[in-house]
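Asker: I would like to see how this sequence folds:
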Amino acid sequence: MLEIAENGRTWVLSGPTSSYAVHLTEQDELLHLHWGPAIALADAEELAARPLPGASSFESRLDGREEYPVEGGPRFARPALSVRTPERRGTEWTFERYDTEGDELRLRFRDGGLAITLHYRTRGDVVERWTTLDNDGAAPLELLRADSATWTLPEREGWRLSQLHGRWAAESRLVRSDLTYGEKVIGSRRGHTGHQHLPWVALDTDATEERGEVYGCALGWSGSWRLAVAQLPDARVQITGGAGYDDSGLLLLAPGESFTTPVFAGLWSDTGYGGASRTWHTYQRTYVIPDADQDRPVLYNSWEATQFDISEDQQEVLARRAAAVGVELFVVDDGWFGARTSDRAGLGDWTPNPDRFPAGLKPLADRVHALGMRFGIWVEPEMVNADSDLYRAHPDWVQYQEGRKRTEFRNQLVLNLAREDVQEYLWEQLDGLLSSAPIDYVKWDFNRCFTDAGWPGEAYPQRLWVDHVRALYGLLDRLREAHPGVAFESCSGGGGRIDLGIMSRTDQVWTSDNTDPLDRLAIQHGFSQIHPARVMAAWVTDSPNTQLNGRVSSLRFRFVSAMAGVLGVGGDLSEWTEEELAEARRWVDLYKEIRPLVQHGDLYRLRPPSGGLSAVQYVRGDETVVLALLQAQHYGEPLPALRLRGLDPTASYECLETGEVHRGAVLLHHGLRTGLRGDLDAMVLRLRRI
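Answerer: Residues are numbered from 1 along each chain as shown. Take a look at the predicted model:
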């Protein structure tokens, strides 16, 4: 809901439980008024009537109060907008007008030939903000920095910052720390979202999992990015974020050109971190993720079973075993194309290897379909091997610096996707590939960071950082429109490209290359702070885990750990015993029963993975399911009881596994004690209202 004051200078956007308000002064200063519990327009107008404190020669009266700080004038805080023209630097804007379209509010300002539009839109209790910059003048404009938004928090003591950090195979780990004076900056200068940080932060003063106020912000951008959380000298806190890591140059806008920033979304919740997470999950399932109401299928991926040594017959053997355990989607990973017998060759040549697939992919895809499964493939379109037909024909199509060595990671270079000829080549290759066989699913990988991000001959080569991402989005959008039945998964060496931007164009994401079920608990716990189980791909692989750490774990523990998201199987099924295959079938059947709850229900994190017992709960309608995993049990210590959440306290619920009937605030203890019997054990408990 949007409310506007009679004078057209105060605006209030409200969701079911929260409000966001801004005010424009007579001097065209756009001030932040309120972000928090729901208020009325009259309340916002009362806040707007309060005078700003006086300025001193050492401080600014605008710092910490301005809605979108720009460079220049009486300001010292980090600017969200930094512009250069041949004549001047900074911005001195004047207000032109506001307008609305549906539920979107647009505030329009001007500084000479630069038109600045601030966009606002509520999606439930999530506020979406972004900015459009139009060059209406006769001279080019250089955008050194163009952030999506700046978020202002209320004046409080003792703010605590939550973030998700990590590295390859250890992504999305949650850390909370006291916020101190100065700036805390996180981001990526790698050309993609990165394994090191997810573009999300949250702040609180005394919140728990289920109680207290939480403010959260998440950026929808899949390239380099930066979020800066600043506690200013007067203790006010602002969060500024957008595309690009530094201020060395983002884009050069020629006359008539424009730039629209990614969405920077924010929410306020008074139901703790769990409530904030559930609000984020609902927002993404409702407004961000394509076809989010559809169940994601149980998949099998052949990578760990075969790696590069693949053949059509061998894949069919795996497909038959996968179908026998109830798999619904069979995926051929790396090695099906070009001269791809190792990671040293073939990237860029997206045609089936004639020795391995003499008639192309269609015969295998047809046999997979005949087994009752969908068919998928792995691709890495943004990369190229030096040993490839594509690179030999177009060595100038990669990112490189003139006169410098071309850095290779994993024996590959990064294609300059900002080039229109590269975009058209990839479109022709991928459209032709998806038209050549009944392909239902594409795992889209990105296995190295930008290093030599140059573009010899281009007048403003810095633009490739932004234009690469815009071209990626355009290519995915074009492919989805041309092939609406194909689902896409975002992968980047695991969880290196996970953000709201890529999620708006893909059906699920690969959470991490680490498939160890114990390690995955912390990764999935962090992931769930912002993103829903509906997109979180998780595999059951072999034990010992020879790909990573050699840890031994039961098939039971591996399945229950992976059932917390979109279940997949990635082990070598040709080596599994008949007993293991039969047990796997039982787990897959159980997952299909609880899948609507896991993928579409409300998540409650009952116990974090830091202790001996980890547990998550999903609630949907009259049903709930608990996944409990015992990581370790020392000195015969008793298992704690679990208090379930999100249920009707006046109703009774029957546990299908134990037959026990519970009423009100459900505590599970007996079932856990009898079902969990040692280290690395796990169980599933289902309850239904009676």
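Asker: low-confidence ranges, this protein, go.
Answerer: 55-57, 635-636 (pLDDT under 70).
Asker: spatially central residue in the chain, please.
Answerer: With distances taken as Cα atoms, centre = their mean, the residue of the chain nearest its centroid is Asp499 (2.7 Å).
Asker: do a quick rundown of the strands in the stretch 51-200 of the chain.
Answerer: 81-84, 94-101, 104-111, 114-123, 126-135, 141-146, 149-152, 160-165, 173-178, 182-188, 197-204 (DSSP state E, counting those that start in this stretch).
Asker: what's the angle from the third one to strand 141-146?
Answerer: Between the direction of strand 104-111 and that of strand 141-146, the angle (axes from the mean of the first three to the mean of the last three Cα atoms, to 10 degrees) works out to 130 degrees.
Asker: and the angle from strand 104-111 to strand 126-135?
Answerer: In terms of direction (the same axes, to 10 degrees), strand 104-111 departs from strand 126-135 by 30 degrees.
Asker: list the buried residues for strand 104-111?
Answerer: Neighbour-count burial for strand 104-111 flags Leu105, Leu107, Arg108, Phe109, Arg110, Asp111 (criterion: 16 or more other Cβ atoms under 10 Å). For every residue, glycine as well, the C-beta is placed using N, CA and C.
Asker: show me the contacts for Ser492.
Answerer: By Cβ atoms under 8 Å, 6 or more residues apart in numbering, the contact list for Ser492 reads His192, Thr193, His195, Asp445, Phe446, Asn447, Ile498, Trp510.
Asker: so which of these wins on neighbours?
Answerer: Using other Cβ atoms under 10 Å as the neighbour criterion, Ile498 leads those with 33 neighbours.
Asker: related to what we said a few turns ago, from the contacts of Ser492, pick the one nearest Pro297.
Answerer: For the contacts of Ser492, the minimum distance to Pro297 (Cβ to Cβ) is 15.1 Å, reached by Trp510.
Asker: so who does the residue nearest to that closest one when sequence neighbours are not counted touch?
Answerer: Nearest residue to Trp510 in three dimensions, chain neighbours excluded: Cys491, at 3.8 Å (Cβ to Cβ, 6 or more residues apart in numbering). Residues counted as contacts of Cys491 (Cβ under 8 Å, 6+ apart) are Lys443, Trp444, Asp445, Phe446, Arg497, Val509, Trp510.
Asker: before we move on, back to that, check the spacing between the nearest residue to the residue nearest to the centre of the chain once chain neighbours are set aside and Leu475 real quick.
Answerer: Using Cβ to Cβ, 6+ apart and skipping the chain neighbours, the partner closest in space to Asp499 is Thr193 (4.8 Å). Note on Thr193: its distance to Leu475, by Cβ to Cβ, to the nearest Å, is 17 Å.
Asker: one more: Ser512?
Answerer: Per Cβ to Cβ, Ser512 is found 25 Å from Leu475.
Asker: more neighbours: which of those two?
Answerer: Ser512 (28 against 22).
Asker: before we move on, back to that, I'd like the contacts of Cys491 as CSV, with distance to Gly274 appended.
Answerer: Shown next, in CSV, are the contacts of Cys491 (distance: Cβ to Cβ, whole Å):
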residue, distance to Gly274
Lys443, 31
Trp444, 32
Asp445, 33
Phe446, 32
Arg497, 26
Val509, 22
Trp510, 25
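Asker: of those residues, which is the nearest to Ala235?
Answerer: Lowest distance from Ala235 to these (Cβ to Cβ) belongs to Arg497, with 36.0 Å.
Asker: okay but that closest one is in contact with Phe446, surely?
Answerer: Yes - in this structure, Arg497 is within contact of Phe446 by Cβ atoms under 8 Å, at 5.7 Å.
Asker: find residues that contact each of these two.
Answerer: With Cβ under 8 Å, 6+ apart as the test, Arg497 and Phe446 both reach His192, Cys491.
Asker: mind listing the helices for this protein?
Answerer: Along the chain, counting by DSSP state H, helices occupy 41-49, 272-283, 303-306, 312-324, 362-370, 389-393, 420-436, 464-482, 500-503, 517-527, 555-562, 578-600, 670-675.
Asker: I'd like those helices laid out as JSON lines, including distance to Val331.
Answerer: Below are the helices of the chain laid out as JSON lines (distance: least, Cβ to Cβ, whole Å):
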{"stretch": "helix 41-49", "distance to Val331": "52"}
{"stretch": "helix 272-283", "distance to Val331": "25"}
{"stretch": "helix 303-306", "distance to Val331": "8"}
{"stretch": "helix 312-324", "distance to Val331": "10"}
{"stretch": "helix 362-370", "distance to Val331": "10"}
{"stretch": "helix 389-393", "distance to Val331": "24"}
{"stretch": "helix 420-436", "distance to Val331": "15"}
{"stretch": "helix 464-482", "distance to Val331": "17"}
{"stretch": "helix 500-503", "distance to Val331": "19"}
{"stretch": "helix 517-527", "distance to Val331": "19"}
{"stretch": "helix 555-562", "distance to Val331": "15"}
{"stretch": "helix 578-600", "distance to Val331": "16"}
{"stretch": "helix 670-675", "distance to Val331": "33"}
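Asker: no further questions, thank you.
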